[in-house]
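J.: Pasting the sequence and the predicted model now:
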Amino acid sequence: MLIQSGALPMDIAEVETRAISATLGIEAIDGAIIAGIVGLCLVLIFMLVMYRLPGVAADMALLIYVLIVFYALAISGAQLTLQGIAGILLGIGMAVDANVVIFERFREELKEGRTPLNAVKFGFRNAGRAVLDSNVTTLIAAVVLLIFGTGTIKGFATTLMISIIASYFTAVLITRGLLILICKLGINNRKAYTR
């Protein structure tokens, strides 16, 4: 059998030419960042409306969370991709979820007649296990994605791990510290702490 190689005896005419620039990806990332900022602002407002003074502490902790995550990404030299933004936004959701669980326990302790300072201590103690469990299970999933994933999945897993660690740190330590400081200001009106 003889295989012939070479150019085909055919004329090729260009019918249409299109150029797709890198701005398409940049526009998608810009849109995701805008959506993330709008979502974060709505979450901050929600926490203020629903939880009042504890919401102030949660909002401050969420802003610190965002700074920690972007600082960690800058130090690691990671590039911000759509998947990375998704990991950060999921981490914001985890931080808000932790605060909601803790504040509901705090609210229950207030209803039982505890002072706001004692309600903070008992609320964090009683909700701590649930918050830790949810963060650990998500962290395990992120590690599995990092080990077995490829390309953009690894980027998502990396930002998700950073986000989970930062969200747990801010929800448990920073929110608690800020709430204790607020309680030590001597505000004993329960309406300032709960609806």
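T.: Yep, it's here.
J.: Output the contacting helices and strands for the strand or helix carrying residue 128.
T.: Element membership of residue 128, judged by DSSP states H and E, is helix 116-148. Packing contacts for helix 116-148, counted by 3 or more C-beta pairs under 8 Å, 6 or more residues apart in numbering; DSSP states H and E, involve helix 82-111, helix 152-169, helix 175-183. Placement of C-beta: from N, CA and C, glycine included.
J.: Buried by neighbour count: which residues of the last one qualify?
T.: For helix 175-183, a neighbour-count test (16 or more other C-beta atoms under 10 Å) marks 175, 176, 178, 179, 182, 183 as buried.
J.: That helix versus helix 152-169: what angle between them?
T.: 30 degrees (axes from the mean of the first three to the mean of the last three C-alpha atoms, to 10 degrees).
J.: All further residue positions should be reported with the first residue as 447.
T.: Noted, 447 is the first residue going forward, which turns the last one into helix 621-629.
J.: which strands and helices sit next to helix 621-629?
T.: Looks like helix 621-629 contacts helix 469-522, helix 528-557, helix 562-594 (3+ C-beta pairs under 8 Å, 6+ apart).
J.: redo that, cut-off 6 Å
T.: helix 469-522, helix 562-594 (3 or more C-beta pairs under 6 Å, 6 or more residues apart in numbering; DSSP states H and E).
J.: Compare those helices and say which comes out lowest on pLDDT.
T.: Lowest mean pLDDT within the helices and strands packed on helix 621-629: helix 469-522, a mean of 88.
J.: Counting by contacts, list what that helix packs against.
T.: helix 528-557, helix 598-615, helix 621-629.
J.: Quick check: the two most widely separated of the buried residues of helix 621-629?
T.: 621 and 629 (12.4 Å; C-beta to C-beta).
J.: re earlier: quick one, which of the helices and strands packed on helix 469-522 is nearest to residue 520?
T.: helix 598-615 (11.1 Å).
J.: burial measure for the closest residue to residue 607 other than its chain neighbours, as a count.
T.: Once flanking residues are discounted, residue 607 sits nearest to residue 588: 4.6 Å by C-beta to C-beta, 6 or more residues apart in numbering. Counted with other C-beta atoms under 10 Å, residues neighbouring residue 588 total 24.
J.: Residue 588 against residue 606, yeah?
T.: Yes - assessed by C-beta atoms under 6 Å, residue 588 is found in contact with residue 606 at 4.3 Å.
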